[in-house]
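Chemist: take a look and give me a structure for this.
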Amino acid sequence: MKSTKPHVALLASPGMGHLIPVLELAKRLVSHQSFKVTVFVVATDHASIANSQLLQSPSASNDLLDMVLLPFIDISNIVEPDASFVTKIVILMLESLPFLRSEISKMEFRPTALVVDLFGTDAWEIADEFNMLKYVFIASNAWFLAVILHGPEIDRKEVDDHVKNQKPLNIPGCKPVKLEDTLDVFLTDPNGPFYQGFVGSGMKMALADGILMNSWEGLEPTTLKALGDAKKVPVYPIGPLVRPVEKPVLGNQVINWLDKQPKESVIYVSFGSGGTLSAQQVLELAWGLELSQQRFLWVARPPLENDASGYFFTVGNGSDGTPDYLPDGFLARTQDKGLVVSMWAPQVEVLSHPSVGGFLTHCGWNSVMESIINGVPMIAWPLYSEQKMNAALLTEEFGASIRAKAMELDGLVGREEIKSMVRRILIDSEGQNIRARIKGLKNSAAKALTEGGSSYNSLSQVAEICIQHLKTKSYGA
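Modeler: Numbering: from 1, shown residues only. Reported below is the predicted structural model:
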């Protein structure tokens, strides 16, 4: 028996920043192409992702969409407790591959294509075994993708000039990468496992049938043209992929508070699902918000020293406990101006609320996309991964944000800087100019997603390749 529609398998790396866009890609393949889609989720612990609202929400329920939570794997005896989140992701992905293979082998209609992210290219062996097309999904921008694809060609002298002599890293046809914006991998030993893994990832990506990415032609036309001219691998910009606004839970504290605030009067402060600040930086942020005398909604987390991604694997809905790490009297003094919530807030619903006038963000690409499609100007405060590159794009290329400046002596973003940035975004003419530019990007994104738009057409091209592949192969039990 042969399926009449392609079946696409998506492998989602650990972390909500990876899972959210993968789920949105899955839903788009179902709604636009009527494909059968199975999302394989790599668990970070026994219950957190399985219990997350994302997997239980109505939008994740569809006869053509299956969610398969791969078994939890305890890697505590493989990696050190203080290993980077990237190392933990890589190990979890490798250890999960036998379970992925087992699940696919049991399927009545095996997938036509396997889509992985940059941490999942070791699954190519499974794709080859079951005669599947191989795609990579980059949940980020074209500039970041260009650095990865050209990574294998960058020699040691270029890296040394970049790091030791602070020379920009030249990427063919693209904006050079300044040292202050560079990826952490370039600051490591070029002969070490982290750098070699980065190079290997770029080489494996070049073997894919194509790369899907969460951007669109109108956002990054020059970089996308450079990627096309390089002819390494076909690139399909299909974004923005963003979770849609769903009906808020009745009685939600955050939405109820926002309902009472004036239009575009609130700065929303959140460092994503994993971002953390030091204790001193949390204090400076609190004082800066208070001194700004502007309304704020702050998703606060307990501070962690020396680990900006300390909550990367955390999934949850926060806590009702009162934060004990804020300045004495802060909550009482700001009760008429601000709301502090612990750990989590319904971000898409927040950014789409008319009272929100700015977003202080860590520049994770999901958050950037959510802010753009809701027309909310940003304060860029990058923490880790490619977020510094994202901040440079937002500020220097898109004109969609202002960027936080740390003090040279201690590396902290001071309270006076925070006060100034909040006021610039919410009440100064600079913020109004940024708001106008970002609303232009919002319109561009909407146009790309409509039928006949660039992102719609890109996904349709991938769908047609899958259909043709299915016609030439025999699938089934």
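Chemist: tell me the contacts of the residue lying closest to residue 189 once chain neighbours are set aside?
Modeler: Residue nearest to residue 189 in three dimensions, not counting chain neighbours: residue 195, with 6.4 Å by C-beta to C-beta, 6 or more residues apart in numbering. (Each C-beta comes from the backbone N, C-alpha and C, glycine too.) The contact partners of residue 195, by C-beta atoms under 8 Å, 6 or more residues apart in numbering, come to 185, 186, 188, 189.
Chemist: buried only: go through the residues you listed for me.
Modeler: Listed as buried from those are 185, 186, 188; burial here means 16 or more other C-beta atoms under 10 Å.
Chemist: residue 442 is in contact with residue 219, correct?
Modeler: No - contact criterion C-beta atoms under 8 Å: residue 219 and residue 442 do not qualify, at 10.9 Å.
Chemist: neighbour-wise, which of these two wins?
Modeler: Neighbour count, other C-beta atoms under 10 Å: between residue 219 and residue 442, residue 219 has more, with 24 against 18.
Chemist: surely that one is in a helix?
Modeler: No - under DSSP: H, G, I helix; E, B strand; the rest coil, residue 219 sits outside any helix and is assigned coil.
Chemist: still on that earlier bit, tell me which of the contacts of residue 195 fall in strands.
Modeler: Among the contacts of residue 195, no residue falls in strands (DSSP state E).
Chemist: export the residues you listed to a markdown table and tack on distance to residue 211 and pLDDT?
Modeler: Shown next, in a markdown table, are those (distance: C-beta to C-beta, whole Å; pLDDT from 0 to 100):
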| residue | distance to residue 211 | pLDDT |
| --- | --- | --- |
| 185 | 19 | 92 |
| 186 | 21 | 93 |
| 188 | 24 | 89 |
| 189 | 28 | 87 |
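Chemist: residue 339: which of those residues is nearest?
Modeler: residue 185 (37.9 Å; C-beta to C-beta).
Chemist: tabulate the buried ones among the contacts of residue 195 (TSV), appending distance to residue 380.
Modeler: Putting the buried ones among the contacts of residue 195 into TSV (distance: C-beta to C-beta, whole Å) gives the following:
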residue	distance to residue 380
185	21
186	20
188	24
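Chemist: just the strands in the chain please.
Modeler: Going by DSSP E, the chain shows strands at 7-12, 36-42, 65-70, 113-116, 133-138, 210-213, 235-237, 266-270, 295-300, 338-342, 356-361, 378-380, 401-403.
Chemist: of those strands, which approaches residue 167 most closely?
Modeler: Closest to residue 167 of those is strand 401-403 (C-beta to C-beta; 21.4 Å).
Chemist: what about that closest one, distance to the chain center?
Modeler: 18 Å (C-alpha atoms, centre = their mean, to the nearest Å).
Chemist: would you mind measuring from residue 387 to residue 471?
Modeler: As defined by C-beta to C-beta, to the nearest Å, residue 387 lies at a distance of 42 Å from residue 471.
Chemist: who's more crowded, the two?
Modeler: Per other C-beta under 10 Å, whichever of residue 387 and residue 471 has more neighbours is residue 387, with 26 against 10.
Chemist: quick check, pLDDT for residue 60.
Modeler: Per-residue pLDDT puts residue 60 at 52.
Chemist: could you list the low-pLDDT ranges of the stretch 351-477 of the chain?
Modeler: Within the stretch 351-477 of the chain, the stretches falling below the threshold (pLDDT under 70) are 474-477.
Chemist: let me fix that: the stretch 201-350 of the chain
Modeler: Counting by pLDDT under 70, the low-confidence segments of the stretch 201-350 of the chain come to 248-251, 306-322.
Chemist: helices of that one, residue ranges please.
Modeler: Secondary structure of the stretch 201-350 of the chain (DSSP state H, counting those that start in this stretch): helices located at 221-230, 253-259, 279-292, 330-333, 347-351.
Chemist: give the full set of residues in contact with residue 176.
Modeler: The neighbourhood of residue 176, defined by C-beta under 8 Å, 6+ apart, consists of 168, 169, 170.
Chemist: how far away is it from residue 389?
Modeler: With C-beta to C-beta as the criterion, residue 176 and residue 389 are 11 Å apart.
Chemist: show me where the stretch 51-200 of the chain has helices.
Modeler: 53-56, 85-105, 124-129, 142-150, 156-164, 193-205.
Chemist: please identify the most buried of those helices.
Modeler: Stretch with highest mean neighbour count among the helices of the stretch 51-200 of the chain: helix 142-150 (a mean of 24; mean count of other C-beta atoms under 10 Å).
Chemist: can I get it as PDB, trimmed to CA atoms?
Modeler: The C-alpha coordinates for helix 142-150 follow below in PDB (Å, rounded to 0.1, in the frame of the first residue of the first chain):
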ATOM      1  CA  ALA A 142      20.400  33.900   6.900                       C
ATOM      2  CA  TRP A 143      23.500  35.700   8.200                       C
ATOM      3  CA  PHE A 144      24.000  33.000  10.900                       C
ATOM      4  CA  LEU A 145      23.400  30.300   8.300                       C
ATOM      5  CA  ALA A 146      26.000  31.800   6.000                       C
ATOM      6  CA  VAL A 147      28.600  31.700   8.800                       C
ATOM      7  CA  ILE A 148      27.900  28.000   9.400                       C
ATOM      8  CA  LEU A 149      28.100  27.100   5.700                       C
ATOM      9  CA  HIS A 150      31.300  29.000   5.200                       C
END
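Chemist: state the mean pLDDT of it.
Modeler: Helix 142-150 comes out at a mean pLDDT of 96.
Chemist: now do that helix: everything it contacts.
Modeler: Applying C-beta under 8 Å, 6+ apart, the external contacts of helix 142-150 come out as 118, 138, 169, 171-175, 177, 183, 198, 201-202, 205-206, 211, 213, 215, 220, 223-224, 226-227, 230, 232-233, 235, 237, 386, 389-390, 393.
Chemist: mind checking which of those residues are buried?
Modeler: Among the contacts of helix 142-150, those classed as buried by neighbour count (16+ other C-beta under 10 Å) are 118, 138, 169, 171, 173-175, 177, 183, 198, 201-202, 205, 211, 213, 215, 220, 223-224, 226-227, 230, 232-233, 235, 237, 386, 389-390, 393.
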